[in-house]
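*Asks:* what's the 3D shape of this:
(one chain, ligands or ions: 1)
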Amino acid sequence: MNTSSEPLFLRALKREPVERTPVWLMRQAGRYLPEYMEVRKQAGSFMALASNPELACKVTLQPIERFGLDAAILFSDILTIPDAMGLGLYFAEGEGPRFTKPVRTEADIESLHEPEAGKDLGYVMEAIRLIRSKLDSDTPLIGFCGSPWTVATYMVEGGSSRNFENIKSMLYRQPQLMHRLLIKVANASCDYLQAQIEAGAQAVMIFDTWGGSLSTASYKEFSLAYMRHIVAHIKAHHNTRDTPVILFTKGGASWLEMIADTGCDAVGVDWTCDLAHARKRVGDRVALQGNLDPGVLYGNSTVVERECRRVLDSFGPGSGHVFNLGHGIHPGVDPQRVADLVAAVRQHSPALHR
Ligand code: CP3
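*Replies:* The predicted structure follows:
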């Protein structure tokens, strides 16, 4: 294929020339959008929405239709894997995700169901096929999973956590048990991402939201190693190896070089790190994705434009940048600020690619 006909987003991930910087946003389909709230109400709950391919497709397309973003991300959640393992995922109103059966003991780990993605997570693959049939060819679809460490934090804590008391007890008291859980989640994630790519996902992203809660030594051993395992799996199979992989560790700014060395194609960067500095550190090994502070969207349109320019100028001229936030959009954001963000990237980025 002539690469210039490839979508901007995929070219930027491969650090090939682009006319302007592509932009998409973490949590672009979510509660800040009134049309999302409407469909969610209709579905009854988050899981009812995520497990219904027609409705999942509908909300995936909402931000594309409203803002004309350069990539769509599958509407689902990183916790579908533990749900398929038998943990019973539910969302308590206003409290975030919960599991009816948290994983605490060796017996809990041994009895986990090993999901077959095509079957146990068939609703996700069906949603992917449906979304691809509705998306135009300029807008690639991103598939995703959580990092094994991040997913395990929810499995062991039973939900969101402040201090990670249970999982850090496991990590520091029974490291071998911790590894047994992580390898199970990692293997399920390999199968899951492979199935997503086969169903039509054109890039995949691994979300390591809680890697930044670890020390450097523990991050390498308990988070990075398992993301590397997943990347190696994707790069080892002929039908998945050309699909770009993005790794994102929130709070991982001090580890960018080692993240870039996993063999991934792009590294997501949170807003604590200046992109100019990040780019110097990773060199031409990977593309970078990020890294506007999501809090900027609480500002007015002038502030949004100024801060978008700051991020674009910080990366500087040349390809290899995918504009994004440093983490997901907050629910209270005015959708007009997202429109301002997209307009600013479209207006100011072409000058960086001449
Ligand atoms: O638009 C997109 O980004 C795609 C969909 C997506 C969701 N979750 C939908 C969702 C993606 C990529 C995720 C990933 C995810 N889920 C992560 C990693 C990224 C991150 O945000 O750190 C994590 C840690 C989760 C687990 C999770 N799911 C939590 C902690 C919560 C509750 C907190 C919250 O933001 O509400 C969810 C629920 C969830 N997943 C919502 C959405 C849109 C909100 C659910 C609702 O409608 O009430």
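
*Asks:* residues of the stretch 101-250 of the chain that sit close to the ligand?
*Replies:* Proximity of the stretch 101-250 of the chain to the ligand, by C-beta under 6 Å from any ligand atom, involves residues 144, 146, 160, 207, 209. All C-beta atoms are positioned from the backbone trio N, CA, C, and that covers glycine.

*Asks:* are any of these buried, and which?
*Replies:* 144, 146, 207, 209 (16 or more other C-beta atoms under 10 Å).

*Asks:* could you tell me how many residues sit around the closest residue to the first one other than its chain neighbours?
*Replies:* I take that to be F144. Spatial nearest neighbour of F144, chain neighbours left out: M205 (4.5 Å); criterion: C-beta to C-beta, 6 or more residues apart in numbering. Neighbour count for M205, taken as other C-beta atoms under 10 Å: 24.

*Asks:* and what of the one 3 residues further on?
*Replies:* As a burial measure, the neighbour count of D208 was computed by other C-beta under 10 Å and equals 27.

*Asks:* the residue nearest to F144 falls within a strand, correct?
*Replies:* Yes. Counting by DSSP: H, G, I helix; E, B strand; the rest coil, M205 is located in a strand.

*Asks:* what about the residue in the stretch 51-200 of the chain that the ligand sits nearest to, how many residues nearby?
*Replies:* Residue nearest to the ligand within the stretch 51-200 of the chain (C-beta to the nearest ligand atom): G96, separated by 3.8 Å. Neighbourhood size, G96 [other C-beta under 10 Å]: 11.

*Asks:* okay, it: pLDDT?
*Replies:* pLDDT recorded at G96 is 90.

*Asks:* which non-adjacent residue is nearest it?
*Replies:* S160 (4.6 Å).

*Asks:* does that neighbour touch T209 like I think?
*Replies:* No. Using C-beta atoms under 8 Å, S160 and T209 do not qualify as a contacting pair, with a distance of 10.1 Å.

*Asks:* check contacts around E114.
*Replies:* Residues near E114 by C-beta atoms under 8 Å, 6 or more residues apart in numbering: 85, 184, 187-188.

*Asks:* let me fix that, I meant to ask about E157.
*Replies:* Applying C-beta under 8 Å, 6+ apart, we find E157 in contact with 102, 164-167.

*Asks:* let's see it at 6 Å
*Replies:* Neighbouring residues of E157 by C-beta atoms under 6 Å, 6 or more residues apart in numbering: N166.

*Asks:* same thing with A253?
*Replies:* For A253, the contact set (C-beta under 6 Å, 6+ apart) comprises 272-273.

*Asks:* per-residue confidence for it?
*Replies:* pLDDT at A253 comes out at 97.

*Asks:* re earlier: just grab the bridge partners of the residue nearest to F144 for me.
*Replies:* F144, I246 (DSSP bridges).

*Asks:* which helix in the protein has the most residues?
*Replies:* The residue-count maximum for a helix in the chain (DSSP state H) belongs to helix 175-199.

*Asks:* off-centre distance for it?
*Replies:* Centroid separation between helix 175-199 and its chain, computed with C-alpha atoms, centre = their mean, to the nearest Å, is 16 Å.

*Asks:* just list what it packs against, helices and strands only.
*Replies:* Applying 3 or more C-beta pairs under 6 Å, 6 or more residues apart in numbering; DSSP states H and E, we find helix 175-199 packed against helix 106-110, helix 117-120, helix 122-134, strand 141-146, helix 148-157, helix 225-236.

*Asks:* adding mean pLDDT, write those out as JSON lines.
*Replies:* Converted to JSON lines, these look like this (pLDDT from 0 to 100):
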{"stretch": "helix 106-110", "mean pLDDT": "98"}
{"stretch": "helix 117-120", "mean pLDDT": "96"}
{"stretch": "helix 122-134", "mean pLDDT": "98"}
{"stretch": "strand 141-146", "mean pLDDT": "98"}
{"stretch": "helix 148-157", "mean pLDDT": "98"}
{"stretch": "helix 225-236", "mean pLDDT": "98"}
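
*Asks:* give me whichever of the ones you listed is most buried.
*Replies:* helix 148-157 (a mean of 26; mean count of other C-beta atoms under 10 Å).

*Asks:* buried residues of the next helix or strand after that one, list them for me.
*Replies:* Toward the C-terminal end, the helix or strand that comes next after helix 148-157 (DSSP states H and E) is helix 165-173. Residues 166-168, 170-171 are the ones in helix 165-173 that count as buried (16+ other C-beta under 10 Å).

*Asks:* cool, and stretch 93-102?
*Replies:* Buried, per 16+ other C-beta under 10 Å, within stretch 93-102: 97-99, 102.

*Asks:* how about residues contacting the longest helix of the chain?
*Replies:* For helix 175-199, contacts defined as C-beta under 6 Å, 6+ apart pick out 81, 106, 109, 112, 115, 117-118, 125, 128-129, 143, 145, 148, 151-152, 170-171, 204, 226, 229-230, 233, 240, 243.

*Asks:* could you do stretch 346-354 as well?
*Replies:* Applying C-beta under 6 Å, 6+ apart, the external contacts of stretch 346-354 come out as 18-21, 309, 312, 317.

*Asks:* looking at those residues, which is nearest the ligand?
*Replies:* T21 (19.2 Å).

*Asks:* burial count for the closest one?
*Replies:* Other residues close to T21 by other C-beta under 10 Å number 25.

*Asks:* quick check: it touching G320?
*Replies:* No. Counting by C-beta atoms under 6 Å, T21 stays clear of G320, with 9.7 Å between them.

*Asks:* if we can go back for a sec, state the distance from the residue nearest to G96 to F91.
*Replies:* 11 Å (C-beta to C-beta, to the nearest Å).
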